[in-house]
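J.: the sequence and its predicted three-dimensional model are supplied below.
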Amino acid sequence: MRRTELIACGTDEQERHAGRLGVPRRARSLHGSFRNQKGDVARKIRASRCAMVRGTGNWGSERMARPIGEEVCAEETRKTRRLRFLNDCMGDRAGTIARAESCYTPRPSIEGHTNGVAIRMDAKQTLGEPRLLISRSALLHNANLVRRAIGPTTRVCAILKADAYGHGANIVADALCNFSIDASEGPAVDAIAVASVDEAVTLPDINVPVIVFRPLENAFLGRQRAKIEEAVRNGWVLTLCSTAGAEDLARIAVAAGKRASVQVMVDTGMTRGGVEASRLHELLLKIDSKPSLRLTGICTHFSNAEHPNANHTLDQLARFRQSTDPFSELFQGKVMRHAANSAGVFFLPASHMEMVRPGIAVYGIDPTGKPSIDRALRPVMKWTAPLVDVRTIRRGVCVGYGQSWCAGRDTRIGLVPVGYADGYPRSYSNRALMLIHGKPCAVVGRVSMDLTTIDLGDCPQAQIGDEVTLLDNDPLSPVSVYALAKWAETIPYEVFCRIGPRVQRVAIAPEGWGHQPRTRSSSREL
């Protein structure tokens, strides 16, 4: 990534400071067009007190950033103005311009034009970005609800795969492991689980065990060995489904100089992965014969637990118990058996055993796929974006690609800077709703890659800069995740997971809520 340094130029002291950092006294453009103009252009740019950006990218050159509070010299060349304008309008949101925002005063426009180009930029528009607001209090409430549904000795492993179901694994792991309502309490969960070693690497500093669920195979292909060595050194629990995988991991653990923690996944009817129940004994003997391996858990996965009376789930649980009960004396309380997902937590108490693995329930979504008064789960995520443009159109005017929607009345159209590249799918075109000032506004026209248009005809007070809610954290809202899943003909899991990285995740807590960082203790083991 390009590393940039902003140095405000102009005064003698600032010039000397820039020299100490290795910034040339003469300004050069991105394409080097100023190099042949010697000192006069450099003096003009210094006189305008512009910001210089020193980049370390492929070009190895410096480029100008937006002016800081003063008018650009009248003698500035047309090319200079063009570069300045492009940098103003198209700079990286999280990069140079964002860091200079606090000291930037926009150039005054003349007759509605900026740098010769007709453009309207409201002050509020530049300050807002699409965001996912992630509630710490809701996360801790949901984890506590899971605790109350299980026995006092049963442990809780929160599932944070796929970037915590799109919520942001850093935020979720930090909230569940490092925060509590009462600082004297322990973590809200006893373990964290992810899908891969790559996901585990991105987690913040936490002091609970980390379980990696992707089965370990092909350990010596490509970069796999280096990843596995890192996992072993970090003490993460790896998943085994075959004797070959156990052999490979044992050799890697010996080379890493540390005993590897492992769990075994048993296939009881999901038919998606795991060792067959008939071969479990063979795999357990292989692990027991390797001093460099330490067995910490045995698990399975239900395929239909969201239906409380499903016979298949009961059959899976029976197979799992029949396969593992004979080894209970061998485990001696040191091996965690776990099978219950979110649905199993609430609908199948017999599946709780030594540990449960809630996933979607941690994020406040009922495992049945619709809100329930029987389980007071609180949705964790709220998706908001600013209204960046409003325009009045006449009846019969069409909006968006393909002219798929035409106004049936004189109305106003609002522009929201979110599209299918951000995970707001094209299937919501002319179908979904958004909220503004608490009023539902229809999505009209095609959802495009970066933008979506809404009908503001019933919301006359809406103006540029107002907050638009795309996904509400009220389970009964017309734009709840249940409603969005219905419009997309999918499930809440997919709605969450498809929200892209361009949408910033932000941790929040209701005003006055007494959450506080928990006192850290040493790392625990399963």
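T.: Done, it's in. Numbering: from 1, shown residues only.
J.: give the contact list for the closest residue to residue 408 other than its chain neighbours.
T.: If you skip the residues right next to it in sequence, residue 408 has residue 395 as its closest partner in space, 6.5 Å away by Cβ to Cβ, 6 or more residues apart in numbering. The way it works is simple: take the backbone N, C-alpha and C, and place the C-beta from them, glycine included. Shown in contact with residue 395 (Cβ atoms under 8 Å, 6 or more residues apart in numbering): 407-410.
J.: for residue 395, helix, strand, or coil?
T.: coil (DSSP: H, G, I helix; E, B strand; the rest coil).
J.: from residue 415, how far out is it?
T.: 20 Å (Cβ to Cβ, to the nearest Å).
J.: neighbours of residue 272, just the number please.
T.: By other Cβ atoms under 10 Å, the residues close to residue 272 number 9.
J.: same deal with residue 391?
T.: Counted by other Cβ under 10 Å, the residues lying close to residue 391 total 13.
J.: please apply the same query to residue 350.
T.: 12.
J.: can you pull the contacts of it?
T.: residue 317 are the contacts of residue 350 under Cβ under 8 Å, 6+ apart.
J.: did I read that right, it in a helix?
T.: Yes - assessed with three-state DSSP, residue 350 lies in a helix.
J.: between the contacts of residue 395, which has the most around it?
T.: Neighbour max across the contacts of residue 395 (other Cβ under 10 Å) = residue 407, 18 neighbours.
J.: any idea how far that residue lies from residue 278?
T.: On the measure of Cβ to Cβ, residue 407 and residue 278 end up 66 Å apart.
J.: next, the distance between the ends of stretch 196-207.
T.: Stretch 196-207 has an end-to-end distance of 19 Å (Cα to Cα, to the nearest Å).
J.: show me how far that stretch is from its chain's centre.
T.: 14 Å (Cα atoms, centre = their mean, to the nearest Å).
J.: for it, buried residues please.
T.: 197, 199-200, 203, 206 (16 or more other Cβ atoms under 10 Å).
J.: in helices only, show me those.
T.: Of the positions in the buried residues of stretch 196-207, 197, 199-200 sit in helices, assigned by DSSP state H.
J.: just give me the closest of those to residue 249.
T.: Closest approach to residue 249 among these (Cβ to Cβ): residue 197, at 12.2 Å.
J.: host element of residue 301?
T.: For residue 301, there is no helix or strand it lies in under DSSP states H and E.
J.: in the helix or strand in which residue 487 is found, what's buried?
T.: Assigned by DSSP H and E, residue 487 falls within helix 481-488. Across helix 481-488, burial judged by 16+ other Cβ under 10 Å covers 481-488.
J.: coming back round to it: any chance of the contacts of residue 395 in a markdown table, with distance to residue 232 and pLDDT too?
T.: As requested, the contacts of residue 395 are exported to a markdown table (distance: Cβ to Cβ, whole Å; pLDDT from 0 to 100):
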| residue | distance to residue 232 | pLDDT |
| --- | --- | --- |
| 407 | 62 | 98 |
| 408 | 64 | 97 |
| 409 | 66 | 97 |
| 410 | 67 | 97 |
